[in-house]
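Visitor: I need the structure of the sequence given here:
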Amino acid sequence: MGIIAWILIGLIAGAIAKALTPGKDPGGCLVTMVIGIVGGLLGGWLGKVIFGVHSINGFFHLSTWIAAIAGSVIVLLLYRLLTGNRR
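Guide: Model (predicted):
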């Protein structure tokens, strides 16, 4: 997959992760994209380590999206835990 596909998956997976997790949302579009891209990489790595499968197959594969969204939720929760309520 190209860099444009990773950015698009990151943006969508980050937005879905924000919608799935209750609470105050950090940052805007850029933070959502970064959380989604890092979450996609984390989800792919966890899928490989835990299940022994290559979960990042391609843009239209369901496993790619599940891994990206699951990883994004984990990264978003960690981000919220680390930043806390700074307002």
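
Visitor: C-alpha from now on. contacts and neighbour counts both.
Guide: Noted.

Visitor: Three-state assignment for Gly39, please.
Guide: Remark: Gly39 carries the secondary structure label helix [criterion: DSSP: H, G, I helix; E, B strand; the rest coil].

Visitor: Look up how far Leu8 lies from it.
Guide: Noted for Gly39: a distance of 13 Å to Leu8, by C-alpha to C-alpha, to the nearest Å.

Visitor: And those two? Which one has more around it.
Guide: Ranked by neighbour count (other C-alpha atoms under 10 Å), Gly39 and Leu8 place Gly39 first, with 26 against 15.

Visitor: any idea which element the spatially most central residue of the chain lies in?
Guide: By C-alpha atoms, centre = their mean, the chain has its centre lying nearest to Ser72, at 2.4 Å. Per DSSP states H and E, Ser72 falls inside helix 62-83.

Visitor: and what of Phe60?
Guide: Assigned by DSSP H and E, Phe60 falls outside every helix and strand.

Visitor: Straight-line length of stretch 21-30, end to end?
Guide: 18 Å.

Visitor: Quick one: low-confidence residue ranges for this structure.
Guide: By pLDDT under 70, the weakly predicted segments of the chain are 1-3, 25-26, 53-59, 85-87.

Visitor: Just the CA trace of stretch 32-51, in CSV.
Guide: What follows is stretch 32-51, C-alpha atoms only, in CSV (Å, rounded to 0.1, in the frame of the first residue of the first chain):
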residue,chain,number,x,y,z
THR,A,32,-6.9,11.7,14.4
MET,A,33,-4.8,10.8,11.4
VAL,A,34,-1.7,10.2,13.4
ILE,A,35,-3.6,8.1,15.9
GLY,A,36,-5.1,6.1,13.1
ILE,A,37,-1.8,5.5,11.3
VAL,A,38,0.0,4.5,14.5
GLY,A,39,-3.0,2.4,15.4
GLY,A,40,-3.0,0.7,12.1
LEU,A,41,0.7,-0.2,12.5
LEU,A,42,0.1,-1.4,16.1
GLY,A,43,-3.0,-3.4,15.1
GLY,A,44,-1.0,-5.1,12.2
TRP,A,45,1.9,-5.9,14.5
LEU,A,46,-0.4,-7.3,17.3
GLY,A,47,-2.2,-9.4,14.7
LYS,A,48,1.0,-10.9,13.6
VAL,A,49,2.4,-11.5,17.1
ILE,A,50,-0.8,-12.8,18.7
PHE,A,51,-2.5,-14.6,15.9
